[in-house]
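**Q** Have a look at this prediction, sequence included:
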Amino acid sequence: MSTVTLEERPEEKIIKIRLILWATALFALLMPIASMQPLFFGLTITICYLAIVLFFYPKIGLLALLILRPILDRFSTDKLFLIGGYGLNFASILALVMLVFAFLLTIKKRKKIATMPLTAFWLLFLATTLVGVLMSFDNLASLAEWLRLLSIFALFLSGFLLVDTQLELKRLVKVAVLSALIPGFFALYQYFTDTGLTVPLEGIYNRIYGTFAHPNLFAYYLVLVSVLAAYLLGASRKKFVADQIFFLPLVFFLALLVLTFTRGAWLALVLVMFIVGLIKFRKFLVVGLVAILFAYIFVTPINNRVNDLFSRNPYGSISWRIKLWTDSLAYVGDNRLLGYGTGLASELILEKRGEAYGSSDPHNDYLKIALENGLIGLFFYAALLIALVYRLLAAYLAGRGSEIKILALILFGLTISFIIMGFADNILRNTALMWAFWSLAGALFAVSMSTHETTAAE
């Protein structure tokens, strides 16, 4: 059975309704069996219904994915199924669903996919990471990471193939913004109940993280949705008065961003503001710089965290990161061409440094890839990022509609910001962020190319 559009015959709609009802009845029968594991049961139901929506209503399914992934981020490492003693976590299963969906979508829209930009760069990077799976000392862990990377490409592909008009592109942006509301309300609850993350050595208390696995992951997602909310406000025409309501989530997200105490995300937001303001909105840049100055002076958490950068605290995150990077760079030289295996940087660092030094996450995208996939993998990843920057800049310069042009500039600024912050944080590891960002990039390219072709034909 092939994927169909929303315009369907009555008999097709009846078949779909029956399938959904049968699935619901089956889940109801299985409920007593799963009563001892409500999390397992709930996530399984979520995946099944999501697969149904993706199959029958792909455009709605894409929007549902963007809504659900941030909400369920903290469950991404929970094992749902055991196969031969090895567990499949929620993230891997969701990635598999996404890959099957993308495969079916590719078959249906094989003509359009031939025009998709960045395909060669993505495939070269994915091929290198697949080699990292084959030569890994933990093949299953490497396969899980490779599937995660492949799912990011699948979101890029889905955004390109499913979004056809400027209206659909704007709807995708709105859904991306709204996807942070539920995580945001959870974060607000954590703040008022003092149930956030506390790091006493750095003097940080009650760092909110919402439904994400860590405050840093939540913070960078807030950067994305804050910038997109600002775009909806700035790009809206006067007749779209309803878009002005996005002022409220913008203020909400910025307040939450402060309470994550994530300096890297703060800097990322400043970089986006500086890039976008310098290129097109210089008045906005001046206002933004004044706002940053006032925030530094009057907002105590920002003042304390920024001042800590210059205190040379031996127990602070800056000193810890520098020591981590220095040690990890030495490990790259032992297997510099192909690395140790996809997704195994943390395990490698932990094995060589031990547990006494705390977290073994590289906190550096490029160091992580160099350790896992060697200099070859790092080269292809850098080529992908450079190609992305070039295509976004080209989309901005060739933009025919003001809203498309501004969104291209916004994504360009986000890309540069994430590239820079990739030297100090795990940006690529933030799956919810990558899914939203790359789906938007794919959708933008599709609409931009379509608009350009229409204009040329006229």
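**A** Good, I have the coordinates. Just so you know, these numbers come straight off a predicted model, no measurement behind them.
**Q** Show me what counts as buried in stretch 117-133.
**A** Across stretch 117-133, burial judged by 16 or more other CB atoms under 10 Å covers 117-118, 121-122, 124-126, 128-133. Bear in mind the C-beta positions are built from the backbone N, C-alpha and C, glycine included.
**Q** same deal with stretch 45-62?
**A** 45-47, 49-51, 53-59, 61-62.
**Q** after the helix or strand harbouring Leu388, next one along is what?
**A** Leu388 belongs to helix 365-397 when assigned by DSSP states H and E. The element immediately downstream of helix 365-397 (helix or strand, assigned by DSSP H and E) is helix 402-421.
**Q** just the CA coordinates of that next one, formatted as CSV?
**A** The C-alpha coordinates for helix 402-421 follow below in CSV (Å, rounded to 0.1, in the frame of the first residue of the first chain):
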residue,chain,number,x,y,z
SER,A,402,10.9,38.3,1.8
GLU,A,403,9.9,35.6,4.3
ILE,A,404,12.0,32.8,2.5
LYS,A,405,14.9,35.2,2.3
ILE,A,406,14.8,36.0,6.0
LEU,A,407,14.4,32.4,7.0
ALA,A,408,17.4,31.4,4.9
LEU,A,409,19.4,34.1,6.7
ILE,A,410,18.1,32.8,10.1
LEU,A,411,19.2,29.3,9.3
PHE,A,412,22.5,30.6,8.0
GLY,A,413,23.1,32.4,11.3
LEU,A,414,22.1,29.3,13.3
THR,A,415,24.4,27.1,11.2
ILE,A,416,27.4,29.4,11.7
SER,A,417,26.6,29.6,15.4
PHE,A,418,26.3,25.8,15.8
ILE,A,419,29.5,25.3,13.8
ILE,A,420,31.4,27.6,16.2
MET,A,421,29.8,26.1,19.4
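**Q** Run the chain-centre distance for the next helix-or-strand element following that helix.
**A** Heading C-terminal from helix 402-421, the first helix or strand you meet, by DSSP H and E, is helix 431-457. Computed by CA atoms, centre = their mean, to the nearest Å, the chain-centroid distance of helix 431-457 equals 16 Å.
**Q** if we can go back for a sec, identify the farthest-apart pair in the buried residues of stretch 45-62.
**A** Using CB to CB, the pair of the buried residues of stretch 45-62 lying farthest apart is Ile45 and Lys59, separated by 22.1 Å.
**Q** Just the ones in helices from the buried residues of stretch 117-133, please.
**A** Phe121, Trp122, Leu124, Phe125, Leu126, Thr128, Thr129, Leu130, Val131, Gly132, Val133 (DSSP state H).
**Q** which stretches of the stretch 151-300 of the chain form strands?
**A** Assigned by DSSP state E, counting those that start in this stretch, the strands in the stretch 151-300 of the chain fall at 197-199, 204-207.
**Q** Please work out which of those strands is packed deepest.
**A** For these, the largest average neighbour count (mean count of other CB atoms under 10 Å) is found in strand 204-207, namely a mean of 18.
**Q** distance between it and the chain's centre?
**A** 24 Å.
**Q** What mean pLDDT does stretch 255-272 get?
**A** Computed over stretch 255-272, the mean pLDDT rounds to 94.
**Q** what does stretch 46-56 give?
**A** What stretch 46-56 shows for mean pLDDT is 79.
**Q** re earlier: redo the ones in helices among the buried residues of stretch 117-133 as JSON lines? Include pLDDT and distance to Lys109.
**A** Below are those laid out as JSON lines (pLDDT from 0 to 100; distance: CB to CB, whole Å):
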{"residue": "Phe121", "pLDDT": "98", "distance to Lys109": "20"}
{"residue": "Trp122", "pLDDT": "98", "distance to Lys109": "17"}
{"residue": "Leu124", "pLDDT": "98", "distance to Lys109": "22"}
{"residue": "Phe125", "pLDDT": "98", "distance to Lys109": "23"}
{"residue": "Leu126", "pLDDT": "97", "distance to Lys109": "20"}
{"residue": "Thr128", "pLDDT": "97", "distance to Lys109": "27"}
{"residue": "Thr129", "pLDDT": "97", "distance to Lys109": "25"}
{"residue": "Leu130", "pLDDT": "97", "distance to Lys109": "24"}
{"residue": "Val131", "pLDDT": "96", "distance to Lys109": "29"}
{"residue": "Gly132", "pLDDT": "95", "distance to Lys109": "30"}
{"residue": "Val133", "pLDDT": "95", "distance to Lys109": "28"}
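**Q** Can you pull out the low-pLDDT segments for this protein?
**A** For the chain, the stretches with pLDDT under 70 are 1-41, 79-88, 201-203, 235-243, 310-316, 356, 400-401, 451-458.
**Q** Could you list the domains of it?
**A** By the assignment in automatic domain parsing, the chain contains the domains 1-108, 112-457.
**Q** Out of those domains, which is the most enclosed?
**A** Among those, the stretch with the highest mean neighbour count (mean count of other CB under 10 Å) is domain 112-457, at a mean of 19.
**Q** so how far is that one off the chain centroid?
**A** Remark: domain 112-457 is offset 6 Å from the chain centroid, using CA atoms, centre = their mean.
**Q** Quick check: phi and psi at Gly210.
**A** phi 60, psi -130 (degrees, to the nearest 10).
**Q** That one and Leu433: what is the separation?
**A** 13 Å (CB to CB, to the nearest Å).
**Q** Asp361 too?
**A** Taking CB to CB, one finds Asp361 at 15 Å from Leu433.
**Q** Give me the residues contacting stretch 102-112.
**A** Identification of contacts with stretch 102-112 by CB atoms under 8 Å, 6 or more residues apart in numbering yields Ser2, Thr3, Phe55, Pro58, Ile113, Ala154, Leu157, Ser158, Phe160, Leu161, Leu162, Ala446.
**Q** Alright, calling it a day.
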